[in-house]
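K.L.:
Sequence first, then the predicted structure, then my questions.
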Amino acid sequence: MASLSNEVLKAREQWTWRGAERPPFASEPLPHQRSVWDFPRPPTLVPESREIVVSWGKLAVAKTCRAWALLETAHPPTYYIPKDDVHHDLLQHSGQGSFCEWKGQAAYWDLVGTSGRLRAMAWSYPEPFAKAQCIAGHLAFYAHELICTVGGARVTPQSGGFYGGWITPDLAGPFKGEPGSEGW
C-alpha cells in the first residue's frame, strides 16, 4: 500500500480528544450506556450483530445482522451495511463525494423510489484505506429522512448535516455536530 500523504497525516494529528480520557463536559453514562468519549481516535471498526434496519416510509431499504460499527471519539456509531443486504434497485450514484482522513475517498448514493429521490442519502468507500478494508462493499445511511433501528431501537440522527452517526438510548454524549462542538 502507498504511504499516506502529508495532508492526511496532518488532518489526523489535529484531534485533541482521542478517547483516552473524557473531557469535563462529557455526560456521565448511565449503567446501561457507553460514552462516545470512550471511543477511540483513530476510529475502530467492530462487527455489529444486532439487527440493523433502514426504511424509507414503508419501503424496506436494508436489513442486516452483519454490519460494521465505526466507533470514533465524540461520535455516535456509523453503521456500514453489506451491499448484499441493501435493495440495489433503490440506489443511484449521486456523483458526489467526500474525503475522510481515516477511511479515504467516499462515494455518495441517492435513494430513488416511487416516493421520489433522497439525494446523497448513503455513502460507501469503494477503496478504503488499509485499516478500513472491512467496509469495502458496504453502505452507510444518513438517518435524518429515514426510519432506522439498531436492535429494535429507533435511532436519532447525529446533528450537523454532514455526520452520519446514529444515536441510540445506550449512548451518552454530547455528540459531535451539536451546537458548540466545532472544536472537538
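P.N.:
Cool, the structure landed. Just so it is clear, the structure is predicted and the values come from calculations on it, not from any experiment.
K.L.:
okay, and for this protein, where does confidence drop off?
P.N.:
1-2 (pLDDT under 70).
K.L.:
how about the helices in the protein?
P.N.:
When secondary structure is read from DSSP state H, the chain shows helices at 6-13.
K.L.:
Return the residues in contact with the residue most central in space within it.
P.N.:
Compute the mean C-alpha point of the chain, and by CA atoms, centre = their mean the closest residue is T78, 2.3 Å away. When contacts are counted by CB atoms under 8 Å, 6 or more residues apart in numbering, T78 touches 69-70, 140, 164-166. Quick note: C-beta positions are derived from backbone N, CA and C, even for glycine.
K.L.:
D89: neighbouring residues, count only.
P.N.:
Other residues near D89 number 8, with proximity taken as other CB atoms under 10 Å.
K.L.:
distance of it from G113?
P.N.:
Separation of D89 from G113 (CB to CB, to the nearest Å) stands at 9 Å.
K.L.:
close enough to count as contact, M121 and A143?
P.N.:
No: between M121 and A143 no contact is recorded; they are 9.5 Å apart, counting by CB atoms under 8 Å.
K.L.:
Need the residues touching each of the two.
P.N.:
When contacts are counted by CB under 8 Å, 6+ apart, M121 and A143 are jointly contacted by no residue.
K.L.:
Correct me if wrong: H144 contacts V155.
P.N.:
No: with contact taken as CB under 8 Å, H144 and V155 are classed as non-touching, separated by 10.1 Å.
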